[in-house]
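In: I'd like to go over a predicted model; first the sequence, then the structure.
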Amino acid sequence: MSRDEINTNTLLSKIDMDKLPKHVAIIMDGNGRWARKRLLPRTAGHREGVERVKEIVEAAGNLGIPYLTLYAFSTENWGRPKEEIDTLMKLLVEYLKKELTTLHKNNVKINILGNIDDLPALPREEVKKAVEKTKNNDKMNLNIALNYGGRNEIVNGIKSLIKDVRSGDVILDEINEEVFKNYLFTRNQPDPDLLIRPSGEKRLSNFLLYQVAYTEFVFSDVYWPEFNTEQLYKSLIEYQSRKRRFGGI
Ligand code: FPP
């Protein structure tokens with residue numbers, strides 16, 4: 001066994017398998033800085049980032065974490081240079097094309113958080129295909145946040161709810177948090193227990209604003225292209241050292 005494998009196994013042995021988070025959400029940040037440090041184009045950072053997507057999806061699946069949410073593209077990311085947007089879309093298509101068979105075989109259900117109607121045709125069709133093919137899978141939910149914005153999700157949820165009140169499907173006085181949850185992209189899913197943000201940044205960037213009310217945040221200084229299985233294990237160990245009180249004592 002290599003030194004790396006020994007390290008990873010030592011970390012794994014420190015994780016309490018009975019107290020794993022049900023839902024882990026990750027802001028995949030730092031691809032650009034990772035590339036710059038190596039004098040590479042930003043797109044090389046995104047490419048390496050996809051390798052970590054594969055690795056972390058597999059590691060989370062092996063642990064038996066039932067919900068994993070990855071922030072792949074925000075509603076604000078449309079402001080990036082066209083070349084970078086094109087690369088991100090191309091990488092998504094490549095990822096789905098190459099990994100779909102394996103993901104499906106591993107009983108992974110792919111869900112998209114975000115409005116896919118605004119995506120270019122190719123990624124839109126590839127995403128639809130992946131969602132359709134995996135819709136009956138139930139080992140792990142892989143949520144890909146794509147063209148996602150937390151405020152946008154809440155505002156659109158309110159609009160749909162108002163429509164349902166107007167049509168009489170929902171009674172105003174019966175609206176509560178449980179009812180409202182059904183108007184979010186994460187309907188029927190538990191809120192994230194753990195949110196991880198690598199790259200040293202400590203902000204939420206419009207991610208899952210409603211859902212993270214009681215989520216534990218773990219920040220890591222490594223960039224996303226370096227966020228490997230060992231880093232995931234370290235984050236889980238830190239999460240398990242926290243005392244969650246949900247507002248109680
Ligand atoms: C943030 O790094 C990362 C993104 C905006 C894109 C994340 C996308 C991928 C890892 C690839 C595609 C996803 C899937 C699911 C296949 P940044 O560019 O903001 O880095 P910086 O802050 O260092 O500039």
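Out: Cool, got the structure.
In: what's the average pLDDT for stretch 37-46?
Out: Averaging pLDDT along stretch 37-46 yields 97.
In: ok, it near the ligand or not?
Out: Yes: using Cβ under 6 Å from any ligand atom, we find that stretch 37-46 touches the ligand at residue 46. (C-beta placed from N, C-alpha, C; glycine too.)
In: for that stretch, measure first residue to last.
Out: 14 Å (Cα to Cα, to the nearest Å).
In: centroid-wise, who is the farthest residue in the chain?
Out: residue 168 (34.3 Å; Cα atoms, centre = their mean).
In: what pLDDT is listed against it?
Out: Residue 168 is assigned a predicted lDDT (pLDDT) of 98.
In: list the contacts of the closest residue to the ligand within the chain.
Out: Closest contact between the chain and the ligand, by Cβ to the nearest ligand atom, is at residue 32 (2.5 Å). Going by Cβ atoms under 8 Å, 6 or more residues apart in numbering, residue 32 touches 42, 45.
In: per-residue pLDDT, it?
Out: pLDDT, residue 32: 98.
In: can you say which helix or strand has it in it?
Out: Using DSSP states H and E, residue 32 sits in helix 31-37.
In: tell me how many other residues crowd residue 30.
Out: Residues lying near residue 30 (other Cβ atoms under 10 Å) number 24.
In: pretty sure it contacts residue 199?
Out: Yes: between residue 30 and residue 199 there is a contact under Cβ atoms under 8 Å: 2.9 Å.
In: touching both of those two, which residues are there?
Out: Counting by Cβ under 8 Å, 6+ apart, the residues touching both residue 30 and residue 199 are 222, 223, 224.
In: leaving aside the residues adjacent along the chain, what's closest to the first one?
Out: The one in question is residue 222. residue 198 (5.5 Å; Cβ to Cβ, 6 or more residues apart in numbering).
In: which residues touch the lowest-mean-pLDDT helix or strand in the chain?
Out: Ranked by mean pLDDT, DSSP states H and E, the weakest helix or strand in the chain is helix 3-13, scoring a mean of 94. For helix 3-13, the external contacting residues (Cβ under 8 Å, 6+ apart) are 1, 229, 230, 233, 234, 237.
In: now, which of these lie within strands?
Out: Among the contacts of helix 3-13, none falls in strands (DSSP state E).
In: can you pick the most crowded of those?
Out: residue 233 (21 neighbours).
In: that's a strand at residue 109, yeah?
Out: Yes: per DSSP: H, G, I helix; E, B strand; the rest coil, residue 109 lies within a strand segment.
In: can you give me the end-to-end distance of stretch 18-26?
Out: Chord length of stretch 18-26, first to last residue, is 21 Å (Cα to Cα).
In: do the longest helix seen in the chain and the ligand meet?
Out: The residue-count maximum for a helix in the chain (DSSP state H) belongs to helix 82-105. Yes: judged by Cβ under 6 Å from any ligand atom, helix 82-105 and the ligand are in contact via 88, 91, 92, 95.
In: now for that helix, which elements pack on it?
Out: The contact analysis (3 or more Cβ pairs under 8 Å, 6 or more residues apart in numbering; DSSP states H and E) places helix 82-105 against helix 42-63, strand 67-74, helix 121-133, strand 140-148.
In: tell me which residues of the third one come out buried.
Out: Buried residues in helix 121-133, defined by neighbour count with 16 or more other Cβ atoms under 10 Å: 123, 124, 126, 127, 130, 131, 133.
In: could you dump those residues to TSV with pLDDT and distance to residue 13?
Out: What follows is these, written out as TSV (pLDDT from 0 to 100; distance: Cβ to Cβ, whole Å):
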residue	pLDDT	distance to residue 13
123	98	40
124	98	43
126	98	39
127	98	38
130	98	35
131	98	36
133	98	36
